[in-house]
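Chemist: Structure for this input, please:
(one chain, ligands or ions: 3)
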Amino acid sequence: MWRLARSAASNLRRARPFSSCIPGPCIVHKRGADILHDPWFNKDTGFPLTERDRLGLRGLLPPRVISFEQQYARFMESYHSLEKNTQGQPDGFVSLAKWRILNRLHDRNETLYYRVLIDNIEDFAPIIYTPTVGLVCQNYSGLFRRPRGMYFSAKDKGEMMSMIYNWPANQVDMIVLTDGSRILGLGDLGVQGIGIPIGKLDMYVAAAGINPQRILPVMLDVGTNNQKLLEDRLYLGLRQPRLEGEEYLSIVDEFMEAVHTRWPKAIVQFEDFQMKWAFETLQRYRKRFCMFNDDIQGTAGVALAGLLGTVRTQGRPLADFANQKIVVVGAGSAGLGVLNMAVQAVKRMAGADANPQFFLLDKDGLITKARKVIDPAAAPFAKAPAEIEELGLMEGANLIEVVKKVKPHVLLGLSGVGGVFNEEVLKAMRESDSAKPAIFAMSNPTMNAECAAVDAFKHAGENIVFASGSPFKNVDLGNGKVGHVNQANNMYLFPGIGLGALLSGARLISDGMLQAASECLASYITDDEIQRGVLYPPIGSIRDITAEVGAAVIQAAVAEELAEGHGDIGPRELRQMSKEETVEHVKHNMWFPIYSPLVHEK
Ligand SMILES: NC(=O)C1=CN([C@@H]2O[C@H](COP(=O)(O)OP(=O)(O)OC[C@H]3O[C@@H](n4cnc5c(N)ncnc54)[C@H](O)[C@@H]3O)[C@@H](O)[C@H]2O)C=CC1
Ligand SMILES: CC(=O)C(=O)O
Ligand SMILES: [Mg+2]
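Modeler: Ligands and ions are numbered 1, 2, ... in the order given. Just a heads-up that it's a prediction; the model follows:
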């Protein structure tokens, strides 16, 4: 027996900050203890007496009904006591303890979990997302208590089409998929990488208001080349080397077909794939499915928005971006994604013949056309030897030589190597040709950042603009001055890209949609903020940002005639919406955590 609840639309509208969102009617197929054990529906002590009566919950809970607000306050009190009780303990210990308390709530009561997450996103993002999620992935096999998401392994070949129907939700809107081969800057973590799709999807719920009943974190376990994990007796993944070549691709193909068959409109975000598969799968699927690669495309959009911001901090017009000298350290999926998008931006601004002043380094130093073996994805950014000889540089020049000779406006790290922007490199940035040199230490988690914020301001000078992938505290520069720390992380864009793609019903995610997302983020910051070195809005306003980004993505999809509409709103209605109406429409469709009635009111 199941019950269908009416949505008390008018009351709910009043109750919510994003008030226009009306959740669909809530269907409960379960009764009694099964409901208490289902985090989608569980309200713990918050079940009203009528629901206790009619859902077979009487006697299964202590008699007093506790309001949502009281439950919220109680959780926050426990959280703050934990903070107090763990003072002075090592950072990793404290972070994992905080992750555990949040994870327990996540496992028990999703409505309360997402409400505390949304309201405290600035404090909790570093726990459910970078940097703590990295530590969680490293320790996942030991931390594992309850499964979350789906696992498809190489042993499931031929079975995926039926397995996909094991997922209990009828509708899935957003999938984040990894094969665990490059988790943040921590390398191959095999099946333990599932923590990343979970963390990214938590950000989808918090920032984009995707209904948590419609998200699906997925691990494709094709083995691991991490010897330590293969030898770990607690390791929960396949104990075999990673599949390669056609064998590997056939697994991803089968998964994509299965997903598309069950949920043709679901958006698939590829996350933390090693570079060769990141590019290969993007090319393979981007015209066939509505998917994107966050590390290549999301990161690029966020970096470009920040780079355009740095032009503004120098008091120059945006078109001056074409003349910026940018040194990118790291020629992987993220670094190359950034350069691809930055080159496109230069060509739009300065014409197809423009020659951007971008320099690319990998672990073997400066990449030039003289290099014997060069990755095809990096080849377009390799400098001609004649061009760099003028600067006194050669193939393979190291970072300090490049910074000293180029005197870049921007030094941007996506190498995954902690501390590679050392004191000498940072001091060399004092000779930059920019009055406000920018340092982007974008690698994650914190220990893999190319430098710490405090070192950047100390060695490169107080007039720098600084951004990092994982959060650092603002730096006290003395005399009341503060060095502002920006968080250049793709979390500013991927939720809006996914939500915009979903609500537009786009057939695919085009470069134009991604460019619109990046431009929207870039335009979010006022001149006053720019003067203070602020390149990105506060994380606390992530829902507002995501609504704007989502609307920009929808409008781009409509303009390119890719939008097929979503739910009751067809492409015609989308086309007729003004910018403001599109933003309202996006907000209207954001899920917000409140307890929905689970039974008809009499
Ligand atoms: N802030 C953000 O939003 C994002 C940050 N990232 C971070 O970027 C990092 C790299 O990610 P991917 O590009 O996907 O990795 P990847 O493994 O594809 O590429 C890493 C690149 O760094 C180069 N490298 C290694 N050691 C180096 C050294 N000492 N000097 C110069 N280059 C060196 C490698 O040769 C390679 O080209 C990771 O730490 C990841 O967490 C990635 C995506 C988004
Ligand atoms: C942020 C992110 O996607 C990464 O570090 O891989
Ligand atoms: Mg990533």
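
Chemist: Contact residues of this protein facing ligand 3?
Modeler: Neighbours of ligand 3 within the chain, by Cβ under 5 Å from the ion: 271, 272, 295. Placement of C-beta: from N, CA and C, glycine included.

Chemist: how about those residues in CSV, adding pLDDT, distance to residue 118 and neighbour count?
Modeler: Conversion of the residues of the chain next to ligand 3 to CSV gives the following (pLDDT from 0 to 100; distance: Cβ to Cβ, whole Å; neighbours: other Cβ atoms under 10 Å):
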residue, pLDDT, distance to residue 118, neighbour count
271, 98, 22, 28
272, 98, 25, 25
295, 98, 25, 26
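
Chemist: Contacts only, for residue 300.
Modeler: With contacts defined as Cβ atoms under 8 Å, 6 or more residues apart in numbering, the neighbours of residue 300 are 334, 337, 338, 340, 341, 342, 514, 518.

Chemist: Which stretches in the stretch 451-600 of the chain count as helices?
Modeler: If you assign secondary structure with DSSP state H, counting those that start in this stretch, the helices in the stretch 451-600 of the chain sit at 453-460, 494-504, 511-522, 527-531, 542-559, 571-576, 579-588.

Chemist: quick check: mean pLDDT across the first one?
Modeler: Taken as a whole, helix 453-460 has a mean pLDDT of 98.

Chemist: Please apply the same query to the fifth one.
Modeler: Helix 542-559 comes out with an average pLDDT of 98.

Chemist: ditto for the last one
Modeler: Mean pLDDT, helix 579-588: 98.

Chemist: what comes into contact with that helix?
Modeler: Counting by Cβ under 8 Å, 6+ apart, helix 579-588 makes contact with 18, 20-21, 499-500, 503, 547-548, 550-551, 554-555, 569, 574, 577, all of which sit outside it.

Chemist: between these, which has the most around it?
Modeler: Neighbour counts for these were taken using other Cβ atoms under 10 Å; the highest belongs to residue 500, with 34 neighbours.

Chemist: and the closest residue to it other than its chain neighbours, how many neighbours?
Modeler: Leaving out its chain neighbours, the residue that sits closest to residue 500 by Cβ to Cβ, 6 or more residues apart in numbering is residue 553, at 2.5 Å. Residue 553 is flanked by 33 other residues according to other Cβ under 10 Å.

Chemist: Let me see the contact set for the most centrally placed residue in the chain.
Modeler: With the centre of the chain defined as its mean C-alpha position, the nearest residue by Cα atoms, centre = their mean is residue 491, 3.7 Å away. Contact analysis of residue 491 by Cβ under 8 Å, 6+ apart lists 125, 129, 203, 207, 539, 542.

Chemist: Quick check, pLDDT for it.
Modeler: Reported pLDDT at residue 491 in the predicted model: 98.

Chemist: Check residue 601 too.
Modeler: Listed pLDDT for residue 601 reads 70.

Chemist: Also residue 593?
Modeler: 98.

Chemist: which one of the residues of the chain next to ligand 3 is nearest residue 301?
Modeler: Nearest to residue 301 among the residues of the chain next to ligand 3, counting by Cβ to Cβ, is residue 295 at 11.6 Å.

Chemist: list the contacts for that closest one?
Modeler: For residue 295, the contact set (Cβ under 8 Å, 6+ apart) comprises 182, 270, 271, 272, 273, 278, 333, 334, 337, 490.

Chemist: now the second one, nearest residue through space, not along the chain?
Modeler: Taking Cβ to Cβ, 6+ apart as the measure, residue 270 lies nearest to residue 293, with 4.4 Å between them; neighbours along the chain are not counted.

Chemist: May I ask you to confirm that that neighbour is in contact with residue 280?
Modeler: No - under the criterion of Cβ atoms under 8 Å, residue 293 makes no contact with residue 280, lying 10.3 Å away.

Chemist: Which one's more surrounded, the two?
Modeler: Neighbours per residue (other Cβ under 10 Å) separate residue 293 from residue 280, with residue 293 holding more: 27 against 15.

Chemist: gap between the more buried one and ligand 1?
Modeler: The spacing between residue 293 and ligand 1, counted by Cβ to the nearest ligand atom, to the nearest Å, is 10 Å.

Chemist: OK, contacts around that residue?
Modeler: Residue 293 sits next to 269, 270, 271, 273, 278, 281, 282, 333, 337 when contact means Cβ under 8 Å, 6+ apart.

Chemist: Which of those fall in strands?
Modeler: When the contacts of residue 293 are checked against strands using DSSP state E, the ones located there are 269, 270.

Chemist: Which residue lies closest in space to the residue of the stretch 201-350 of the chain found nearest ligand 1, excluding its sequence neighbours?
Modeler: Checking the stretch 201-350 of the chain residue by residue against ligand 1 with Cβ to the nearest ligand atom singles out residue 332 as nearest, at 1.8 Å. Of all residues beyond its chain neighbours, the one nearest residue 332 is residue 275 (4.8 Å), with distances taken as Cβ to Cβ, 6+ apart.

Chemist: got a list of what that neighbour touches?
Modeler: 182, 332, 333, 336, 375, 377.

Chemist: Mind pulling up the pLDDT for it?
Modeler: Residue-level pLDDT assigned to residue 275 equals 97.

Chemist: same question, residue 9
Modeler: Each residue has a pLDDT score; the one for residue 9 is 34.

Chemist: ditto for residue 23
Modeler: 44.

Chemist: dump the residue contacts of residue 126.
Modeler: By Cβ under 8 Å, 6+ apart, the contact list for residue 126 reads 95, 132, 470, 471.

Chemist: residue contacts, the spatially closest residue to residue 368 that is not a sequence neighbour?
Modeler: Nearest residue to residue 368, sequence neighbours excluded (Cβ to Cβ, 6+ apart): residue 395, at 4.3 Å. Shown in contact with residue 395 (Cβ under 8 Å, 6+ apart): 365, 366, 367, 368, 370, 371, 385.

Chemist: switch the cut-off to 6 Å
Modeler: With Cβ atoms under 6 Å, 6 or more residues apart in numbering as the criterion, the residues that contact residue 395 are 368, 370, 371.

Chemist: Of the residues you listed, which is the nearest to residue 139?
Modeler: Distances from residue 139 to the contacts of residue 395, taken by Cβ to Cβ, are shortest for residue 371, at 38.5 Å.

Chemist: quick one: contacts for that closest one?
Modeler: Residues in contact with residue 371 (Cβ under 6 Å, 6+ apart) are residue 395.

Chemist: Show me where the stretch 351-500 of the chain has its strands.
Modeler: 357-362, 365-366, 410-413, 438-441, 465-468, 475-478, 481-483, 485-487 (DSSP state E, counting those that start in this stretch).

Chemist: Residue 163 is nearest to which of those?
Modeler: Shortest distance between residue 163 and the strands of the stretch 351-500 of the chain, using Cβ to Cβ, is found for strand 485-487: 37.0 Å.

Chemist: right, quick check: that closest one against ligand 2, any contact?
Modeler: No - contact between strand 485-487 and ligand 2 is absent, the nearest approach being 10.0 Å (criterion: Cβ under 6 Å from any ligand atom).
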